[in-house]
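Asker: kindly return the folded structure for what I paste below:
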Amino acid sequence: MIIQSDVRVRQPFDAPNRFLFWGVFEAPFRLTVSPVLDIHTGFPYSVIDEYRQFIGIPDSQRFPRFASLDLQVTRPLTLRLRHRELHMRAGVSVFNLLNRFNPRDVQKDVDSFRYGALFDGAGRTLRGKFIFDF
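Answerer: Residues are numbered from 1 along each chain as shown. Next up is the predicted model:
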């Protein structure tokens, strides 16, 4: 971030219009389903020139709207070890279930032939989970 005197800008995580839904639901077969839906205004960024000088008002541009559906499904398990029982939950998490392109980077240099191009979208991610209960 470039700091200039007497300039006020938005924070890089500014998202004034946001809808966030999450929940924990018990499903058949002792499964616990936890969806998260996050939709918000795109984060701000600044347009610069080849000398890294701001063009216009800093952080006046925004990435496209962000939308992601994440899902976690877990099931309780009990492991018996000698004279002890170990309680845990095992399952999977899927981030960006619908594989929507949510860019995290932009070519913001007006002197670049790729000015305005969006990059680095996080694709669908699948992870295994083991949660130990104590």
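
Asker: what sits against Asp59?
Answerer: Asp59 makes contacts with Val9, Arg10, Pro12, Asp14, Pro44, Tyr45, Ser46, as judged by CB atoms under 8 Å, 6 or more residues apart in numbering. From N, CA and C alone the C-beta is placed, and that goes for glycine too.

Asker: against Arg80, how distant is it?
Answerer: Using CB to CB, to the nearest Å, Asp59 is found at 57 Å from Arg80.

Asker: tell me where the protein has strands.
Answerer: Using DSSP state E, the strands of the chain run over 18-22, 25-27, 31-40, 44-45, 61-62, 66-81, 84-95, 105-106, 118-119, 125-133.

Asker: is His87 in contact with Arg80, as I believe?
Answerer: No. Applying CB atoms under 8 Å as the test, His87 and Arg80 come out as separate, 10.6 Å apart.

Asker: point out where the protein drops to low pLDDT.
Answerer: By pLDDT under 70, the low-scoring segments of the chain are 1-6.

Asker: in a markdown table: the strands of the chain, plus mean neighbour count.
Answerer: Formatted as a markdown table, these follow (neighbours: other CB atoms under 10 Å):
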| stretch | mean neighbour count |
| --- | --- |
| strand 18-22 | 10 |
| strand 25-27 | 9 |
| strand 31-40 | 15 |
| strand 44-45 | 18 |
| strand 61-62 | 16 |
| strand 66-81 | 14 |
| strand 84-95 | 14 |
| strand 105-106 | 16 |
| strand 118-119 | 13 |
| strand 125-133 | 10 |
